[in-house]
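**Q** everything below, folded, please.
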Amino acid sequence: MGSRDKLMEDIEGIPLVRQRAITCIASLADRVRAVLPPDKPYRAEALEGLDIDIIYNEGAEHGISHSLRCGLVGIDAEAVLIVLADLPDITTADLDKIIKAAKAHPLATILRGADGNGKAGHPVLIRNALFEDLKQLEGDTGAQPVLRQHKSDTVLVPIGTAALRDLDTPEDWEDWRAEQET
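**A** Model prediction:
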C-alpha cells in the first residue's frame, strides 16, 4: 500500500478498521477485541466510542502470530472468532453464520468461512482446546500451522467470496471500489 494504511481506507465515510469493528460488535459475539500496534495511534482513535477492548501488540514487528498471541492474553472463553480487518466484504450475517455453525457442530475445534467452491478462508472460529497451540505460534504465519494441523477437525461454513477477499494493494482497492459502484 506504500505510505497508505489500508485499515484507514474510507468505507462509506469511515475508516475500514472502524467499519470492521462495528460489523463485529453487531454480531452475536460476546465481546470484541482489537489488537493494534502501538505506533499507529490513529487506528485506536478510529475506534473511539465503540464498545471494544483494545490490546496493544508491543511486538507487532514479530508478525501476525504475535498479534494472535496478544489477542489471547486473558481470554476466558469457549472460543475466539478471528476476523482480519482487511476483509471488507465480511458481514455481520457472515459472522453470525460461523457462530451458529459452532453451536451446531460442538465437536469441531475450528470453523472457517469458505467461498462457494469450499475453499477455506475467514473468519475463523477456534475453540479454547487450541488456545495453547495458538500461543506457541511465531512469525508471520498467523494461525495457519494450527489450521493445517487440525484440518480434520474443521467445519467449513459457506459464506461466499467474502471469505477470501482481502485488499492488500492500491489496485485491489481500486478494483473493489469499482465493484461497489456497480
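**Q** helices or strands next to the longest strand anywhere in the chain in the packing?
**A** Across the chain, the strand with the greatest residue count (assigned by DSSP state E) is strand 120-127. Counting contacts by 3 or more C-beta pairs under 8 Å, 6 or more residues apart in numbering; DSSP states H and E, the secondary-structure elements packed against strand 120-127 are strand 79-82, helix 92-104, strand 110-114, helix 144-149. (Glycine included, C-beta is placed from N, CA and C.)
**Q** show the average pLDDT along the longest one.
**A** In other words, helix 92-104. In this model, helix 92-104 carries a mean pLDDT of 96.
**Q** verify the stated contact: T154 with L147.
**A** Yes: here T154 lies in contact with L147, judged by C-beta atoms under 8 Å, at a distance of 7.1 Å.
**Q** give me the more crowded residue out of the two.
**A** T154 (20 against 17; other C-beta atoms under 10 Å).
**Q** could you measure from the residue nearest to that one when sequence neighbours are not counted over to R20?
**A** Here the nearest residue to T154 in space, its sequence neighbours aside, is I110; by C-beta to C-beta, 6 or more residues apart in numbering that works out to 4.2 Å. Taking C-beta to C-beta, to the nearest Å as the measure, I110 falls 21 Å from R20.
**Q** who has more neighbours, those two?
**A** The residue with more neighbours, out of I110 and R20 and counting by other C-beta under 10 Å, is I110; that gives 25 against 22.
**Q** hey, which of the helices and strands packed on strand 120-127 is tucked in deepest?
**A** strand 110-114 (a mean of 25; mean count of other C-beta atoms under 10 Å).
**Q** that strand: partners in the sheet, and parallel or antiparallel?
**A** strand 120-127 (antiparallel), strand 154-158 (parallel) (DSSP bridges).
**Q** what's around L50, how many residues?
**A** The burial count for L50: 14, using other C-beta under 10 Å.
**Q** quick one: contacts for I98?
**A** In this structure, I98 makes contact with L81, L111, R112, G113, P123, L125, V157, I159, judged by C-beta atoms under 8 Å, 6 or more residues apart in numbering.
**Q** and the pLDDT at the third one?
**A** In other words, R112. pLDDT, the model's per-residue confidence, is 95 for R112.
**Q** so how far is A29 from L137?
**A** The spacing between L137 and A29, counted by C-beta to C-beta, is 22 Å.
**Q** now A60
**A** Distance of A60 to A29, computed by C-beta to C-beta: 23 Å.
**Q** so these two - more neighbours on which side?
**A** Between A60 and A29, counted using other C-beta under 10 Å, A29 has the larger neighbour count: 21 against 17.
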